[in-house]
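Asker: Sequence first, predicted coordinates after that:
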Amino acid sequence: MGRRTLALVVIGLALVGSVGLFFVFTNSLWPSERARSYPGSLTVDDLGLGSYRTYDGRGSRLFVVRTVADAVYALVVPIHGDKVVMPDIHWWQPLYDCTDFSPGARDASLPADAIFTCRDPGTPEWWVSRWRWHLDGTSATGAPDVYIEEMHRIRIERAGGTIYVLKWDYPGVV
């Protein structure tokens, strides 16, 4: 085989490989079938003043809270199974699986000073005062000079009595 033939074969293989890579990369630019089949937003109707609702996603739990002052917050926390994964300092550093994480009883009206906390009877004592968040997701730790990350807020839009929660359950949200 001559040099010219060898050069043509190498150039031809490089072109075929480049075209193949081009198709692979362009196909990866669009969302997968799984991503297209899973809803990216949520509509919440008729959420009363001083109440909240929860929605479980693939790896996170969404709390939609409407305070007595008519402020609405959408907050997301990671879950493992049906338990909220409590943070060490950051939410991505799991420390404890909490069965009962909420701002209060579901059927009761939430007071303005309600606090998200783990209500499990076996919660480690040294974390009870640290795992506390206001209804807007800001940390309400009772320990001085202790940092615990805030709950992650998700963007919402309101139209009348309807609340639209935008893009809350996707990998990396928490």
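Answerer: Yes, it's here.

Asker: quick one, strands of the protein?
Answerer: Taking DSSP state E, the strands of the chain run over residues 41-45, 51-56, 60-66, 72-80, 83-87, 94-98, 101-102, 115-118, 132-134, 152-153, 156-159, 162-166.

Asker: Now tabulate these in CSV and tack on mean neighbour count and mean pLDDT.
Answerer: From N, CA and C alone the C-beta is placed, and that goes for glycine too. Converted to CSV, the strands of the chain look like this (neighbours: other CB atoms under 10 Å; pLDDT from 0 to 100):
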stretch, mean neighbour count, mean pLDDT
strand 41-45, 14, 76
strand 51-56, 16, 89
strand 60-66, 22, 90
strand 72-80, 20, 91
strand 83-87, 22, 91
strand 94-98, 16, 89
strand 101-102, 20, 92
strand 115-118, 21, 92
strand 132-134, 19, 91
strand 152-153, 15, 90
strand 156-159, 12, 85
strand 162-166, 16, 83
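
Asker: can you redo these as TSV with distance to Gly2?
Answerer: Listed next are the strands of the chain as TSV, based on distance: least, CB to CB, whole Å:
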stretch	distance to Gly2
strand 41-45	63
strand 51-56	67
strand 60-66	63
strand 72-80	63
strand 83-87	66
strand 94-98	64
strand 101-102	74
strand 115-118	76
strand 132-134	75
strand 152-153	65
strand 156-159	69
strand 162-166	63
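
Asker: could you list every residue that touches the nearest residue to Asp136 once chain neighbours are set aside?
Answerer: The shortest distance from Asp136 to any non-neighbouring residue, by CB to CB, 6 or more residues apart in numbering, is to Tyr73 (5.3 Å). The contact partners of Tyr73, taken as CB atoms under 8 Å, 6 or more residues apart in numbering, are 63-65, 67, 135-137, 153, 156.

Asker: and this protein, what are its domains?
Answerer: Per automatic domain parsing, the domain ranges recorded for the chain read 3-30, 39-166.
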